[in-house]
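Novice: Give me a model of this one.
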Amino acid sequence: MSSATETRAFEAEVSQVLHLVTHSLYSHKEIFLRELISNASDACDKLRFAALSDASLTADDAELRIEISVDRDARTLTIRDNGIGMSRDEVVENIGTIARSGTRKFLESLSGDARRDTQLIGQFGVGFYSAFIVADNVTLTTRKAGAPAGESVRWESAGSGEYTLENVDAPQRGTTVTVHLKPDESEFLDAWKLRELIKRYSDHVAFPIRLPAQKDGGASDQSRTDEFETVNHAAALWTRPKSELKDEDYQAFYKSLSHDFNDALAWTHNRVEGSQNYSLLLYVPERPPFDAVFSGRDERKGLKLYIRRVFIMDASEQLLPSYLRFVRGVVDSDDLPLNVSREILQENRLVAQIRSACVKRVLDLLEKLAKDEPEKFQQFTTAFGNVLKEGIAEDGANRERIAKLLRFASTKSEDAQKSVSLDDYIGRMQADQEAIWYITADSHAAAKGSPQIEALRAKGTEVLLLSDRIDEWMIGYLGEYAGKKLRNAAKGDLDAADGGDAERRKQADEAAQPVLKKLAELLGPKVEQVRVSQRLTESPSCIVLGEYDMALHMQRLLREAGHEVPDSKPILEINPAHPLVQKLAAETDDTRSADIGQLLFEEAQLAAGDQLADPAAFIARVNRVLLGSGPSH
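Specialist: Predicted coordinates:
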């Protein structure tokens, strides 16, 4: 059976990807073979799973495999699998469109730097299109398992913005991809080259990858296409003994699993036997994969669940908490039922045990990295430190372990490098110091220059500088660490919290009463209170919040995002020794007093990360004070 050929245009995103592939990419071109083999392996995995409930799907050909052959005269490379295959609608959906989330973001992230853009291509479910790196035409013929021969489909495209579809007769189920190589890509017609690439990128694939058998002289016998030999291990890598695996084996498997061009930063491989048996192979990447960044918390596909070597599903949500969503890898259980569903996974006691083990292994791995390879751990902190901080709120049982792994900038650091652990901080605490002091701000510079920490810095007390957006939220769940309370230097009564001199403070308050009263009258309902500061040594004023109030920079960010923020009045603290405060105390002109008083409040707002309601009025006040003039009429 055959039908008339139908020509269709690619969706806009596909056309953009194809243009990138055919015109911009020039490095790592051999990854097209890895991507096509990976697709073939996925098809075999899906059929093996489907056959659990319908054995007839594989009755005529039970041995799942991938076969690769070349035709030197036609200059074609063919990759064939006898996996699940596709229907006509599935071909259109999977190849004619890119319906996966993140693809548009992928296109938006392209920089025009061909080398960098190359490294993105495999990370968005667009691996099939990598064939056009080396091909001027690609033909795909597929027959869905269980479908009659006459419902087979042929897809063909030159990568120029459109493709053709037609129904054909295919004698066997599965998918065949024929790559018509460009004139300068003859190396991929070389059997030795193909063997080398398969060993490098796809040796771990759990299905046999076969090439035509070699002649005695070493060349493949292309005329004897009925004789194939397996060129990969054809065994799941995680089932092999660790003693026979090298770092290169683990890295090759990671790259195929994650579609990442970079090496993994670290990994852990374990076989657990006892009340239940399962294997874990978990990786920490060097940097965030793009799909993790764009999919975020809502769609996570970092861990794959296998049951007795049968791929079941991407099951990250059930096997890892969200704060470890950067982890990639596989879990293979001997004890879960093969027909397990996501709903059953959520309620299964064995899954809860495996999840707990995964968390423990990842935290063990990170602790070992922090202890033995601090440079690599710093790389991890830069890439995933903010994601790990979510665990402080989400995982109370492991809160102390997670907190131990966090790294921060501090006043003991020369730059914004986040390298100080809470243990480092405690080890440097002063003899009379009771609390771990920190400050939150919306930038490192703002935290480092915050007026609220001036007195602490003058005393030599170290202050952690927290400038990531998640910090204010995260720190609310971390009340103490190793028996030491964490205290925000911008909240509450600093003097009372750190054992100050009450008598000295009382005297300072009494001496400053006139200016305090004057400033309170000028600001009125804008502030809860005006008081003498024990925080300030250089600045004239600062904003202080209640212990449980949200930082001003976070209030601003929430308002900008459209969220309602509870109203709260800040406390204004002043430094009576500062010339601007003394100028206010001595000023007799009401209008100039009003300008100075407002400036003391607005400067403190800006330093705390708040946004002024009327920036133009602020600028006018600054100009009047600088010029020594009153308001114009």
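
Novice: Work out the gap between stretch 81-97 and the centre of the chain.
Specialist: Its chain's C-alpha centre and that of stretch 81-97 lie 30 Å apart, by Cα atoms, centre = their mean, to the nearest Å.

Novice: Quick one: mean pLDDT for it?
Specialist: For stretch 81-97, the mean per-residue pLDDT is 86.

Novice: I would like the residues contacting that stretch, please.
Specialist: Contacts to stretch 81-97, defined as Cβ atoms under 8 Å, 6 or more residues apart in numbering, come from residues 8, 10-11, 13-14, 40-47, 50, 61, 63-67, 99, 128, 140, 142-145, 147, 151, 153, 155, 163, 165, 167, 172-175, 207. All C-beta spots, glycine's among them, are computed from the backbone N, C-alpha and C.

Novice: Please check these and keep the buried ones.
Specialist: Buried subset of these (neighbour count, 16 or more other Cβ atoms under 10 Å): 10, 13-14, 40-41, 43-45, 47, 50, 64-67, 128, 140, 142-145, 147, 151, 153, 155, 163, 165, 167, 173-175, 207.

Novice: Of those, which belong to strands?
Specialist: Counting by DSSP state E, the buried ones among the contacts of stretch 81-97 place Ile66, Glu67, Leu140, Thr142, Arg143, Val153, Trp155, Tyr163, Leu165, Asn167, Gly174, Thr175 in strands.

Novice: For the fourth one, give its distance to Ala594.
Specialist: Separation of Thr142 from Ala594 (Cβ to Cβ, to the nearest Å): 79 Å.

Novice: Likewise for the second one?
Specialist: Glu67 sits 86 Å away from Ala594, going by Cβ to Cβ.

Novice: Which residue, neighbours along the chain excluded, lies closest to Val340?
Specialist: Ile312 (6.3 Å; Cβ to Cβ, 6 or more residues apart in numbering).

Novice: Measure how buried that neighbour is and give me the count.
Specialist: When neighbours are defined as other Cβ atoms under 10 Å, Ile312 has 24 of them.

Novice: swap in Glu400?
Specialist: Other residues lying near Glu400 total 14 when counted by other Cβ under 10 Å.

Novice: ok, it - contacts?
Specialist: Glu400 neighbours (Cβ under 8 Å, 6+ apart): Tyr481, Ala482.

Novice: helices or strands next to the helix or strand hosting Lys360 in the packing?
Specialist: Using DSSP states H and E, Lys360 maps to helix 349-372. Applying 3 or more Cβ pairs under 8 Å, 6 or more residues apart in numbering; DSSP states H and E, one finds that helix 349-372 contacts strand 264-272, strand 278-285, helix 316-319, strand 328-333, helix 374-394, helix 399-405.

Novice: can the ones you listed go into CSV with extra columns for distance to Glu602?
Specialist: As requested, those are exported to CSV (distance: least, Cβ to Cβ, whole Å):
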stretch, distance to Glu602
strand 264-272, 46
strand 278-285, 45
helix 316-319, 47
strand 328-333, 49
helix 374-394, 31
helix 399-405, 37
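
Novice: For Leu516, find the nearest of those.
Specialist: Shortest distance between Leu516 and the helices and strands packed on helix 349-372, using Cβ to Cβ, is found for helix 374-394: 38.8 Å.

Novice: That closest one vs strand 264-272, what angle?
Specialist: 60 degrees (axes from the mean of the first three to the mean of the last three Cα atoms, to 10 degrees).

Novice: Run through who's touching helix 374-394.
Specialist: Counting by Cβ under 8 Å, 6+ apart, 265-266, 284-288, 321-326, 366, 369-370, 398-399, 402-403, 405-407, 417-419, 468, 470-471, 473-474, 476-478 sit against helix 374-394.

Novice: chain center to that helix: distance?
Specialist: From the chain centre to the centre of helix 374-394 is a distance of 10 Å (Cα atoms, centre = their mean).

Novice: tell me the angle it makes with helix 349-372.
Specialist: 140 degrees.

Novice: Start and end of stretch 431-442, how far apart?
Specialist: Criterion Cα to Cα, to the nearest Å; first-to-last residue distance in stretch 431-442 is 31 Å.

Novice: any chance of the helices and strands packed on helix 349-372 in CSV, with distance to Ile619 and mean pLDDT too?
Specialist: As requested, the helices and strands packed on helix 349-372 are arranged in CSV below (distance: least, Cβ to Cβ, whole Å; pLDDT from 0 to 100):
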stretch, distance to Ile619, mean pLDDT
strand 264-272, 49, 95
strand 278-285, 47, 96
helix 316-319, 51, 86
strand 328-333, 52, 94
helix 374-394, 35, 95
helix 399-405, 43, 97
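
Novice: nearest to Met554, of the ones you listed?
Specialist: Closest among these, using Cβ to Cβ: helix 374-394, at 14.7 Å.

Novice: Tally up the residues packed near Lys459, please.
Specialist: Lys459: 12 neighbours (other Cβ under 10 Å).

Novice: For it, list the residues it contacts.
Specialist: For Lys459, the contacting residues are Gln430, by Cβ under 8 Å, 6+ apart.

Novice: pLDDT score for it?
Specialist: 91.

Novice: quick one: low-confidence parts of the stretch 151-300 of the chain?
Specialist: Scanning the stretch 151-300 of the chain with the threshold set as pLDDT under 70 gives 215-226, 289-300.

Novice: now the strands for it?
Specialist: Secondary structure of the stretch 151-300 of the chain by DSSP state E, counting those that start in this stretch: the strands cover 152-157, 162-168, 174-181, 209-212, 228-230, 264-272, 278-285.

Novice: hang on, the residue nearest to Val340 in a strand?
Specialist: Yes. Secondary structure of Ile312 (DSSP: H, G, I helix; E, B strand; the rest coil): part of a strand.

Novice: got the contact list for it?
Specialist: Contacts of Ile312 by Cβ under 8 Å, 6+ apart are Phe49, Leu305, Tyr306, Leu338, Val340.

Novice: List the ones among those that fall in strands.
Specialist: Short answer: these in strands (DSSP E) are Leu305, Tyr306.

Novice: With neighbour count as extra columns, can I get the contacts of Ile312 in JSON lines?
Specialist: Output for the contacts of Ile312, formatted as JSON lines (neighbours: other Cβ atoms under 10 Å):
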{"residue": "Phe49", "neighbour count": "18"}
{"residue": "Leu305", "neighbour count": "24"}
{"residue": "Tyr306", "neighbour count": "24"}
{"residue": "Leu338", "neighbour count": "11"}
{"residue": "Val340", "neighbour count": "19"}
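
Novice: In the stretch 1-150 of the chain, where is pLDDT below threshold?
Specialist: Using pLDDT under 70, the stretch 1-150 of the chain drops low at 1-4, 11-28, 96-126.

Novice: ok so, going back, could I have the buried ones of the contacts of helix 374-394 as ChimeraX selection syntax?
Specialist: Those of the contacts of helix 374-394 that count as buried under 16+ other Cβ under 10 Å are selected in ChimeraX with:
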select :265,266,284,285,286,287,321,322,323,324,325,326,366,369,370,398,399,402,403,405,406,407,418,419,468,470,471,473,474,478
